[in-house]
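Student: Quick check, what structure comes out for this input:
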Amino acid sequence: MTPGVTAIKVKIRDTCRTESATHSDEGNLYPENNVQGIDAVPAITGPGGQTDSITYTFVEGINENLEIYTSSGPEALTATVNFCIEVGLYATDVLINFAEVKMNYNIDLDTTFATLTGYTVTQADSYTADDQGTLEFDGTLSSYFCNPIDNSVLIDDGSIIHQGSVMSVCIIADGGQFQVRDVIDMKINNAIGTFLPEQQVWFNSAPAETGYAERTCTDASAIDVNVCVVSFLLKAIFFEFSALDLSGSGSVLLELGDNTGGVRGRRILRRDLVLREEQTSGTVAFEVRPHPVYLDQTTNEGSSATSATSSLTAFAAMAGAALIL
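Tutor: Numbers count the residues shown, from 1 in each chain. This is a model prediction of the structure:
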């Protein structure tokens, strides 16, 4: 066991995970002893100083710890002590494995004799909480027309879009514990007006039509925010107009990921694993921020977007206006 990397802690809680998803932390028996009403002495054996066992006793003050101590009445002759012992293996401060023992004691207050009446053992590999919760997306899903080189928002600078020019939409989940894992589907449409040209760009996690779109999702480091970029060619129906406000909509797949504080957001809890399984078949919808574009209705050119991915640029150069139907 390397100090600072992995460590063992023995904690006392009022309930075990099999009883409730919420627990009251009553303190530690090991490596420090700070549980109100319980004294603990570890048995240190072996050349490496391993702790093989811990002996604990109930001491004065346990009757004030109402989380684990219950008296049968003001002039009671008996009381009960119920608590859960958690033996946890930690990597730094992250619990990576555990075993729990639920202890139930009857105490004769005349003789101060405690009798162990039952115990239950729970371990991580077989644990499923009865009241496991569901985590909801707690961030902001942003999608906008962008420069795929630096993921910056496109500004209205009057640039003219030609047939064969490549456009890109960036999708980011800001804040919270979730990240964008993949793009499920996306369509582009005119945001205003009575005639609404529409193009399905991405469908069922793939290009709606081969050669018209590409998708790149990046996860550069443990503290970055995942970004998915869909680059695509507009079809000729959009070029019947000299100007449009382009928008769009779609859905993405989310995963538990890094949070904004730079600390890994993935946690080894059953409820998170259940959510991850659900998210593999579930999606979150997004709306693309409207962006004005100016279209050349007469000139047919190849791609002028040097920032687009190579295969899409090659397709645009070869296709020209004749293949953009």
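Student: you'd agree residue 173 is up against residue 143?
Tutor: No: counting by C-beta atoms under 8 Å, residue 173 sits too far from residue 143 to count as a contact (10.1 Å). For the C-beta atoms, the positions are set from N, CA and C on the backbone; glycine is no exception.
Student: Can you give me the neighbour number for residue 11?
Tutor: Using other C-beta atoms under 10 Å as the criterion, residue 11 is surrounded by 20 other residues.
Student: Also residue 217?
Tutor: Per other C-beta under 10 Å, the neighbour tally for residue 217 reads 17.
Student: Quick one: end-to-end distance for stretch 230-242.
Tutor: End-to-end distance of stretch 230-242: 24 Å, with C-alpha to C-alpha, to the nearest Å as the criterion.
Student: Now it: average pLDDT?
Tutor: Here the mean pLDDT over stretch 230-242 is 89, rounded to a whole number.
Student: Pull out the buried positions in it.
Tutor: Residues of stretch 230-242 classed as buried by neighbour count (16 or more other C-beta atoms under 10 Å): 230, 231, 232, 233, 234, 235, 238, 239.
Student: And the contacts of stretch 93-106?
Tutor: Stretch 93-106 is contacted by residues 16-19, 58, 78-90, 114-124, 267-268 when judged by C-beta atoms under 8 Å, 6 or more residues apart in numbering.
Student: which strand of this protein spans the most residues?
Tutor: Secondary structure of the chain per DSSP state E: the longest strand is strand 284-300.
Student: From the contact counts, what lies against it?
Tutor: Under the contact criterion of 3 or more C-beta pairs under 8 Å, 6 or more residues apart in numbering; DSSP states H and E, strand 284-300 touches strand 140-147, strand 160-163, strand 166-174, strand 243-256.
Student: buried stuff in that strand?
Tutor: 284, 286, 288, 289, 291, 293, 295.
Student: Output those as JSON lines; include the columns distance to residue 102.
Tutor: Putting these into JSON lines (distance: C-beta to C-beta, whole Å) gives the following:
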{"residue": "284", "distance to residue 102": "39"}
{"residue": "286", "distance to residue 102": "45"}
{"residue": "288", "distance to residue 102": "52"}
{"residue": "289", "distance to residue 102": "53"}
{"residue": "291", "distance to residue 102": "59"}
{"residue": "293", "distance to residue 102": "64"}
{"residue": "295", "distance to residue 102": "69"}
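Student: now those residues in a markdown table, with pLDDT and distance to residue 168?
Tutor: Written out in a markdown table, the entries for the buried residues of strand 284-300 read as follows (pLDDT from 0 to 100; distance: C-beta to C-beta, whole Å):
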| residue | pLDDT | distance to residue 168 |
| --- | --- | --- |
| 284 | 72 | 20 |
| 286 | 75 | 15 |
| 288 | 82 | 11 |
| 289 | 82 | 13 |
| 291 | 82 | 11 |
| 293 | 84 | 13 |
| 295 | 83 | 17 |
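Student: Identify the residue nearest residue 285 in space, chain neighbours excluded?
Tutor: Nearest in space to residue 285, with sequence neighbours left out and distances taken as C-beta to C-beta, 6 or more residues apart in numbering, is residue 251 at 4.9 Å.
Student: measure stretch 106-120 end to end?
Tutor: In terms of C-alpha to C-alpha, the two terminal residues of stretch 106-120 are separated by 16 Å.
Student: what about that stretch, average pLDDT?
Tutor: What stretch 106-120 shows for mean pLDDT is 79.
Student: does residue 245 really touch residue 294, like I thought?
Tutor: No: between residue 245 and residue 294 there is no contact under C-beta under 8 Å: 10.9 Å.
Student: helices or strands up against the helix or strand hosting residue 29?
Tutor: Residue 29 belongs to strand 25-30 when assigned by DSSP states H and E. Secondary-structure packing of strand 25-30 (3+ C-beta pairs under 8 Å, 6+ apart): strand 6-13, strand 38-45, strand 50-58.
Student: Strand partners (parallel or antiparallel) of that strand?
Tutor: Paired neighbours of strand 25-30 in the sheet (DSSP bridges): strand 6-13 (antiparallel).
Student: Going by neighbour count, list what's buried in the strand it pairs with.
Tutor: For strand 6-13, the neighbour count (16+ other C-beta under 10 Å) marks 9, 10, 11, 12, 13 as buried.
Student: Look at the second one and report its pLDDT.
Tutor: By that I understand residue 10. Looking at residue 10, its pLDDT stands at 93.
Student: got it, and residue 52?
Tutor: 77.
Student: returning to what we had before: between the helices and strands packed on strand 25-30, which one is nearest to residue 72?
Tutor: Taking C-beta to C-beta as the criterion, residue 72 comes closest to strand 50-58 out of those, the separation being 16.2 Å.
Student: Name the residues that touch the helix or strand just after that closest one?
Tutor: Next helix or strand after strand 50-58 toward the C-terminus (DSSP H and E): strand 69-71. Strand 69-71 is touched from outside by 37, 62, 63, 79, 80, 81, 82, 109, with contacts defined as C-beta under 8 Å, 6+ apart.
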